[in-house]
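Undergrad: Below is the sequence, then the predicted model.
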Amino acid sequence: MRSVIDILDLTVEEIDALIATACAIIENPDDYAEACKRKKLATLFFEPSTRTRLSFEAAMMELGGNVISMASASSSSAAKGESVADTAKVISCYADIIAMRHPKEGAALVAANNASIPVINAGDGGHCHPTQTLADLLTIYREKGRLNDLTVGFCGDLKFGRTVHSLINALSRYTGIKIVLISPEELKLPSYVKKDVLQKKNIPYVQTTSLEEAMPDLDILYMTRVQQERFFNEEDYLRLKDSYILDLKKLENAKPDLSILHPLPRVNEISVAVDDDPRACYFKQVLYGKYMRMALILKLLKEASE
Ligand code: CP
């Protein structure tokens with residue numbers, strides 16, 4: 001049974017096909033309005049979410065399917081000690097496909113290994129968030145018309161930000177990508193990502209603490225929130241949380257066609273004044289996430305029925 005746990009579970013050709021499907025849905029949504037009639041999506045969220053859970057649910061509804069939902073661990077039998085493996089077996093009796101978020105890295109893989117239906121990882125701890133990456137890739141593609149020959153800056157919490165790890169992995173398979181890593185010393189990209197992805201694939205990258213110095217070179221600026229929930233120490237979080245705040249002043253040295261992305265939620269790292277700048281793409285990115293999730297649900301359900 002085909003599941004998507006990591007963005008690398010999808011080939012570049014499959015990602016390109018998902019982008020093409022998402023663009024076709026954007027152009028002709030009525031053509032897809034009954035594509036998943038009589039099918040059920042189960043959203044199992046053991047960790048808070050606004051965008052991912054609701055966009056999966058909106059995606060399934062716009063495909064004519066139905067949704068059953070577990071919005072928190074506390075409202076499920078996980079609170080009584082039921083394992084992820086047993087939960088996956090149980091939900092396989094009710095639904096046709098699962099989207100699952102869990103605070104533990106590897107939990108989605110455990111679910112996939114025990115379910116008899118496709119499982120989509122909707123975020124597992126600090127590890128991966130492949131459907132956010134699909135949203136990011138569609139945003140870049142729609143804004144730039146390409147996914148290669150780009151200088152991409154990642155700014156903020158590069159240590160705990162699973163969306164950063166997934167997007168770097170995805171971009172490493174395209175040509176002409178340069179990466180600029182902008183973070184405080186304590187929140188640098190983990191060495192395993194640098195070694196296993198950037199160095200292994202000869203992707204040029206630089207590390208800096210200065211957003212202002214990096215800004216003029218960037219085609220894409222991917223801002224991130226400092227992930228409070230992954231800190232062991234409140235004092236460290238408070239010291240680091242406002243390390244970078246993107247405002248209009250900092251954008252004065254940016255390219256006129258810069259695209260600013262953020263997986264959201266935003267806390268304080270992008271001033272609301274930036275929202276009206278034509279370079280701000282983060283709310284379009286939210287919408288694109290729904291279309292990419294529609295494309296992925298369609299693909300996995302089709303494969304499961306073959
Ligand atoms: N981008 C994202 O994963 O947002 P949520 O946590 O609200 O789902």
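TA: Okay, I see it.

Undergrad: And the closest residue to residue 66 other than its chain neighbours, how far from residue 97?
TA: Closest residue to residue 66 apart from its sequence neighbours, by CB to CB, 6 or more residues apart in numbering: residue 40 at 4.9 Å. Bear in mind the C-beta positions are built from the backbone N, C-alpha and C, glycine included. Distance of residue 40 to residue 97, given as CB to CB, to the nearest Å: 8 Å.

Undergrad: Of these two, give the one with the bigger neighbour count.
TA: Under the criterion of other CB atoms under 10 Å, the comparison of residue 40 against residue 97 puts residue 97 first, with 26 against 17.

Undergrad: Quick check: phi and psi on residue 206?
TA: phi -130, psi 150 (degrees, to the nearest 10).

Undergrad: wait, doesn't residue 254 sit right on residue 277?
TA: No - contact criterion CB atoms under 8 Å: residue 254 and residue 277 do not qualify, at 9.4 Å.

Undergrad: Between the two, point out the one with more neighbours.
TA: residue 254 (20 against 16).

Undergrad: residues touching the more buried one, list them.
TA: Contact analysis of residue 254 by CB atoms under 8 Å, 6 or more residues apart in numbering lists 215, 216, 218, 221, 279.

Undergrad: Try it again at 10 Å.
TA: Contacts were defined as CB atoms under 10 Å, 6 or more residues apart in numbering; by that measure residue 254 touches 153, 214, 215, 216, 217, 218, 219, 221, 246, 260, 277, 279.

Undergrad: which one among those residues gets closest to the ligand?
TA: residue 260 (15.0 Å; CB to the nearest ligand atom).

Undergrad: Tell me the helix or strand right after the helix or strand where that closest one lies.
TA: Assigned by DSSP states H and E, residue 260 belongs to strand 259-261. Per DSSP H and E, strand 259-261 leads on to helix 282-305 as the next helix or strand towards the C-terminus.

Undergrad: Smallest gap between the stretch 101-250 of the chain and the ligand, at which residue?
TA: residue 132 (5.2 Å).

Undergrad: Could you check the pLDDT of that residue?
TA: pLDDT for residue 132: 97.

Undergrad: for the one 5 residues further on, same thing?
TA: The predicted structure scores residue 137 at 98 on the pLDDT scale.

Undergrad: Can you give me the neighbour number for it?
TA: 23.

Undergrad: which residues touch it?
TA: Residue 137 neighbours (CB under 10 Å, 6+ apart): 7, 15-16, 18-19, 22, 147, 167, 170-171, 174, 288, 292.

Undergrad: ok, which stretches of the stretch 51-200 of the chain are helices?
TA: 51-62, 84-91, 107-114, 130-144, 162-171, 191-193 (DSSP state H, counting those that start in this stretch).

Undergrad: Extract the CA atoms of the fifth one and return them as PDB.
TA: Read it as helix 162-171. The C-alpha trace of helix 162-171 is given here as PDB (Å, rounded to 0.1, in the frame of the first residue of the first chain):
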ATOM      1  CA  ARG A 162      10.500  20.200   9.800                       C
ATOM      2  CA  THR A 163       9.100  22.200   6.800                       C
ATOM      3  CA  VAL A 164      12.700  23.400   6.200                       C
ATOM      4  CA  HIS A 165      14.200  19.900   6.300                       C
ATOM      5  CA  SER A 166      11.500  18.600   3.900                       C
ATOM      6  CA  LEU A 167      11.900  21.600   1.400                       C
ATOM      7  CA  ILE A 168      15.700  21.400   1.400                       C
ATOM      8  CA  ASN A 169      15.400  17.700   0.600                       C
ATOM      9  CA  ALA A 170      12.900  18.400  -2.200                       C
ATOM     10  CA  LEU A 171      14.900  21.300  -3.800                       C
END
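
Undergrad: which helices and strands does it pack with?
TA: strand 119-124, helix 130-144, strand 150-155, strand 177-182, helix 191-193, strand 220-223 (3 or more CB pairs under 10 Å, 6 or more residues apart in numbering; DSSP states H and E).

Undergrad: returning to that earlier point: do the strand holding residue 260 and the ligand meet at all?
TA: No - for strand 259-261, no contact with the ligand is found by CB under 6 Å from any ligand atom; the gap never falls below 10.8 Å.

Undergrad: Flag every buried residue along that strand.
TA: Residues of strand 259-261 classed as buried: 259, 260, 261 (neighbour count, 16 or more other CB atoms under 10 Å).

Undergrad: Leaving out sequence neighbours, find the closest residue to the last one.
TA: Of all residues beyond its chain neighbours, the one nearest residue 261 is residue 222 (4.9 Å), with distances taken as CB to CB, 6+ apart.

Undergrad: Export the contacts of residue 137 to TSV and append columns for pLDDT and distance to the ligand.
TA: Formatted as TSV, these follow (pLDDT from 0 to 100; distance: CB to the nearest ligand atom, whole Å):
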residue	pLDDT	distance to the ligand
7	95	14
15	98	18
16	97	23
18	98	18
19	98	19
22	98	17
147	97	20
167	96	12
170	96	15
171	97	18
174	96	22
288	98	12
292	98	12
